[in-house]
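> sharing a sequence plus its predicted fold:
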Amino acid sequence: MAKYSRLHGSVGLISLANPPVNALSSVVRHAISEKVAKAFRDPEVTCVVICGENGVFCGGADIREFASTMRGPPLVPMIDAIEEGEKPVVAAIEGVAFGGGLELALGCHYRIAHYKARVGLPEVTLGLLPAAGGTQRLPRLTGVAPALQLITTGRHVAAPEALKLGIVDQVTEQNTVEVAVQFAKSVVGQALHNRRLSLRQLSCPPDGLFEETMAQIKQRARGAVAPIACVQAVKAAATLPFKAGMDKERDLMATLFNSGQAKALQYSFFAQRSVAKWNLPNGAHSGISKARAVHRAAVIGLGTMGRGIVVSLVRAGISVIAMETNEKQLHTGKKMVIAILEKDAQKHNAAPRADLVHFTERLSDLSNVDLVIEAVYEDMVLKKDIFKQLSMICKPDAFLCTNTSALNVDELAAVTGRPEMVVGMHFFAPAHVMKLLEVVYGQHSSPEAVATAMQLGKRLGKVSVAVGNCPGFVGNRMMKLYVEQAHFLLEEGATPEQVDEALEEFGFAMGIFKVSDLSGLDVGWRVRKEAGLTGAGVDWKEPPRRRQGRRYSPLADLLCEKGHLGQKTSRGWYLYEKPGGRDPKPDQGLHSFLVEYRSKYGLKARRIDKDEVLERCLFSLINEGFCILDDGIASGPEDVDVIYVHGYGWPRHRGGPMFYADMVGLSKVLERLEFYHQAHPDVPYLKPSPLLRKLVRNGSPPIREWREFLKRPHSHL
Ligand SMILES: CCCCCCCCCCCCC/C=C/C(=O)SCCNC(=O)CCNC(=O)[C@H](O)C(C)(C)COP(=O)(O)OP(=O)(O)OC[C@H]1O[C@@H](n2cnc3c(N)ncnc32)[C@H](O)[C@@H]1OP(=O)(O)O
């Protein structure tokens, strides 16, 4: 929809009215075309202003329409008609002008933006390109290099930067529509020729710009096709006349439009929004659960995780008590937190927010905070002791949260006098950088506690997903099997390089062995010791490569025992030039170690191809994802996928593990899991999950229908 009115007798005002973001649905496109034609026809009207209702200009084309055949008037002729008009048209931009919204504004002759507005062409993040003239008009406005950067990354810019780039003509702190109306009246009668971007000549781009950008993209966006098409389209703008450039833009869009990557990225867009609408098995959900405001928070433990959490809270403007009993750790933590905050301040040209943090060694200082996040190392005894004390010290309505990555939240809640106020807030390292937050609800967590943790996550700029309580929750529970399969592949004949290469070709930024070197092999070692899989708790009566009745690979433990902990010790699965080195090199010593290991256990090395690497690593992870859905630990496949994309480096253009399973075909996943389970009967998790079988039995419905096959939440409220 779009509304039309006449202001001051001579200004035609067209307001897009399609809440919440005025997306350009077919109805809206139809209405805009009609209202523009009406304004152009009306002899009383001398100029036109286009704006959006509710403080938003336009969030772009309606992404939901991409799933079916596009109907209604197309965008390109509509925008061309505005540009070709003989009356000046001014876009009044409030909120956002994204994608097709900005392309519409680029078709107008002038653009006035509110100082808080943002503009951008994020189509590439949806696996597309700005195919309503964006790739041809923006370079003609800003020059090729800035346009290329904006279009290939999808970066948004705030109005002041847009003004510097020449995207908007004026920025205002006043009522944008009123300013645009006055502006429109002031330009009536001026020649429009120069204002029609399609007629502008482009100056030559710097030498090598396209080649350099292409190389960066291949490095950064492993396997993603849309950024490459964006480069080709902008290159067409720089080398061809406007009309031929538009043809190229359309042809490139046609190849992207129905691609699997576009489907995956658009799925990801909606999945990310759907996880905010959480619901729990007990019937609690985001629609009825109210969050409490958090004014003062506390973080216990100033190791890597604690520091990152403190920084995140301060960035959100929340005052924090940062507590650490170890004097040296307190000193180091304080120094590092302040350094990050100062760097932030420099970047944003603002005063550092260190005044929001109070560092202390005393737990008693936490008596008045609204919410505590415990981030000490993974030791249940220590954590229980802290929670017992917190329960006595903190005010009765304070929420008590744990950043545990795998331990039982209910066990911690049980030692407090307020189990309903206890939830997990599992951040990912480094917590001030990583987007993901798993909010872990326990048996007794109140809807208010979950809502508060989810709301706090949003305030910290995280993508928060509510998950149930089980060892490893969602992310780490799945990850464990993926890592284990990678280790088994080494036993059977692969090298870390072969496994990592297959995973990186798939789209992961780093293969699993490089990740392990980066985070330190001792992290998993500690977890395995805690689980009785290695160290003092092991039942040595079992055969050497079996633990707790199933296959086990002690490879990583053996490396840890040798002190090969990864980058920090210069050796792990790879070799580094020095401790702390970042550049992994194949390690001949490790290869010989693998040969000796296989010979010691009578294992015959065989050739393992890339398909097997992917199937063994990814299908075992996916199978666990189905078990998690069946157990009700995640409420839908989108939750699992969002966790993997935002916390575990799953390539976004592949949607997530569950989406990938849908793409590959559920019967194929089932068939391969059956095959591998038969070949490895001592690996129980390769046995296909009952939910996967059920879905295949029901004709492999598309992912959007899987929720119908999950156990229904039943309200205990
Ligand atoms: C044979 C092949 C033929 C090929 C030819 C094909 C022809 C097709 C050519 C078409 C040419 C297209 C060129 C243009 C393309 C585009 O414009 S693509 C869209 C680009 N825009 C975006 O990517 C913006 C996406 N949205 C956002 O970034 C944010 O939503 C926002 C606008 C900044 C608002 O943020 P916030 O206030 O935080 O709210 P949200 O929660 O994110 O969103 C609120 C609800 O609105 C829904 N929504 C948002 N944007 C869109 C959209 N563009 N389309 C549809 N729906 C949208 C969002 O899902 C939320 O919905 P609910 O969860 O249901 O509340």
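Nice, thanks for sending it over. Here the structure is a predicted model, which is why all the values come from computation and not from measurement. Residues are numbered from 1 along each chain as shown.
> once you drop chain neighbours, what's closest to residue 701?
Excluding the flanking residues, the one nearest residue 701 by CB to CB, 6 or more residues apart in numbering is residue 695, at 6.4 Å. In short, each C-beta sits where N, CA and C put it, glycine included.
> could you pull up the mean pLDDT of the strand or helix carrying the one you found?
Residue 695 is part of helix 690-697, with elements assigned from DSSP states H and E. The pLDDT scores in helix 690-697 average 98.
> how about that helix: buried residues?
Residues 691, 692, 695, 696 are the ones in helix 690-697 that count as buried (16 or more other CB atoms under 10 Å).
> now render those residues as JSON lines, adding distance to residue 219.
Output for those, formatted as JSON lines (distance: CB to CB, whole Å):
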{"residue": "691", "distance to residue 219": "38"}
{"residue": "692", "distance to residue 219": "36"}
{"residue": "695", "distance to residue 219": "37"}
{"residue": "696", "distance to residue 219": "38"}
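> quick one: buried residues of stretch 256-274?
Buried residues in stretch 256-274, defined by neighbour count with 16+ other CB under 10 Å: 256, 259, 261-269, 271-272.
> which one of those is nearest to residue 321?
For these, the closest approach to residue 321 (CB to CB) belongs to residue 272, at 31.8 Å.
> my guess is the closest one meets residue 465, correct?
No. Between residue 272 and residue 465 there is no contact under CB atoms under 8 Å: 9.6 Å.
> toward the C-terminus from the least confident helix or strand in the chain by mean pLDDT, list the very next helix or strand.
Lowest mean confidence among the helices and strands of the chain (mean pLDDT, DSSP states H and E): helix 521-530, at a mean of 88. With elements assigned by DSSP H and E, the helix or strand that comes after helix 521-530 is strand 546-547.
> picking up where we left off before, give the contact list for the residue nearest to residue 701.
666, 701, 706, 709 (CB atoms under 8 Å, 6 or more residues apart in numbering).
> tell me how far the residue nearest the centre of the chain lies from residue 134.
Centroid-nearest residue in the chain: residue 646, 3.9 Å away (criterion: CA atoms, centre = their mean). Separation of residue 646 from residue 134 (CB to CB, to the nearest Å): 27 Å.
> ok, now residue 376?
From residue 376 across to residue 134, the span is 50 Å (CB to CB).
> of those two, which one has the most company?
Neighbours per residue, other CB atoms under 10 Å: of residue 376 and residue 134, the larger number sits with residue 134, 29 against 22.
> nearest residue to that one other than its sequence neighbours?
Take residue 134 and drop its neighbours on the chain: the residue closest to it by CB to CB, 6+ apart is residue 103, 4.5 Å away.
> hang on, residue 287 is in a helix, isn't it?
No. According to DSSP: H, G, I helix; E, B strand; the rest coil, residue 287 belongs to no helix; its state is coil.
> dump the residue contacts of it.
Residue 287 is in contact with residue 277, counting by CB under 8 Å, 6+ apart.
> pretty sure residue 654 sits against residue 507.
Yes. Contact criterion CB under 8 Å: residue 654 and residue 507 qualify, at 5.8 Å.
> point out the residues in the stretch 1-150 of the chain that sit beside the ligand.
Within the stretch 1-150 of the chain, the residues that sit near the ligand (CB under 6 Å from any ligand atom) are 20-21, 23, 59-64, 70, 75, 96, 98-100, 122-123, 126, 128, 130-132.
> mind doing that once more with 8 Å?
Selection of the stretch 1-150 of the chain residues close to the ligand by CB under 8 Å from any ligand atom yields 20-21, 23-25, 56, 59-66, 70, 74-76, 95-96, 98-101, 103, 118, 121-123, 125-126, 128-132, 134.
> pLDDT below threshold where in the protein?
When residues are selected by pLDDT under 70, those of the chain lie in 712-717.
> in it, where's the longest helix?
Determined from DSSP state H, the single longest helix within the chain is helix 327-348.
> elements contacting that helix?
For helix 327-348, the packing partners by 3 or more CB pairs under 8 Å, 6 or more residues apart in numbering; DSSP states H and E come out as helix 304-315, strand 319-323, strand 357-360.
> can you list the ones you listed in JSON lines and add distance to residue 409?
Formatted as JSON lines, these follow (distance: least, CB to CB, whole Å):
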{"stretch": "helix 304-315", "distance to residue 409": "16"}
{"stretch": "strand 319-323", "distance to residue 409": "21"}
{"stretch": "strand 357-360", "distance to residue 409": "26"}
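> which one of these lies nearest to the ligand?
Relative to the ligand, the nearest member of those by CB to the nearest ligand atom is helix 304-315, separated by 17.9 Å.
> most proximal residue of the stretch 351-500 of the chain with respect to the ligand?
The nearest approach of the stretch 351-500 of the chain to the ligand comes at residue 458, 9.4 Å away (CB to the nearest ligand atom).
> related to what we said a few turns ago, can the helices and strands packed on helix 327-348 go into TSV with extra columns for distance to residue 46 and mean neighbour count?
Listed next are these as TSV, based on distance: least, CB to CB, whole Å; neighbours: other CB atoms under 10 Å:
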stretch	distance to residue 46	mean neighbour count
helix 304-315	48	25
strand 319-323	55	23
strand 357-360	58	17
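> would you turn those into TSV with distance to the ligand?
What follows is those, written out as TSV (distance: least, CB to the nearest ligand atom, whole Å):
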stretch	distance to the ligand
helix 304-315	18
strand 319-323	25
strand 357-360	28
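> contacts only, for the closest residue to residue 204 other than its chain neighbours.
Excluding the flanking residues, the one nearest residue 204 by CB to CB, 6+ apart is residue 238, at 7.6 Å. By CB under 8 Å, 6+ apart, the residues touching residue 238 are 139, 144, 202, 204, 205, 210.
> and those residues, which two are the farthest apart?
Greatest spacing in the contacts of residue 238, by CB to CB: 202 and 210 (13.3 Å).
> and the buried residues of stretch 256-274 near the ligand, which?
residue 269.
> name the nearest of the buried residues of stretch 256-274 relative to the ligand.
Here the nearest of those to the ligand, counting by CB to the nearest ligand atom, is residue 269; it sits at 6.7 Å.
> what's the separation between the closest one and residue 557?
Counting by CB to CB, the separation of residue 269 from residue 557 is 42 Å.
> please apply the same query to residue 651.
Distance from residue 651 to residue 557, by CB to CB: 30 Å.
> got it, and residue 388?
According to CB to CB, residue 388 and residue 557 sit 33 Å apart.
> who's more crowded, these two?
Ranked by neighbour count (other CB under 10 Å), residue 388 and residue 557 place residue 557 first, with 19 against 14.
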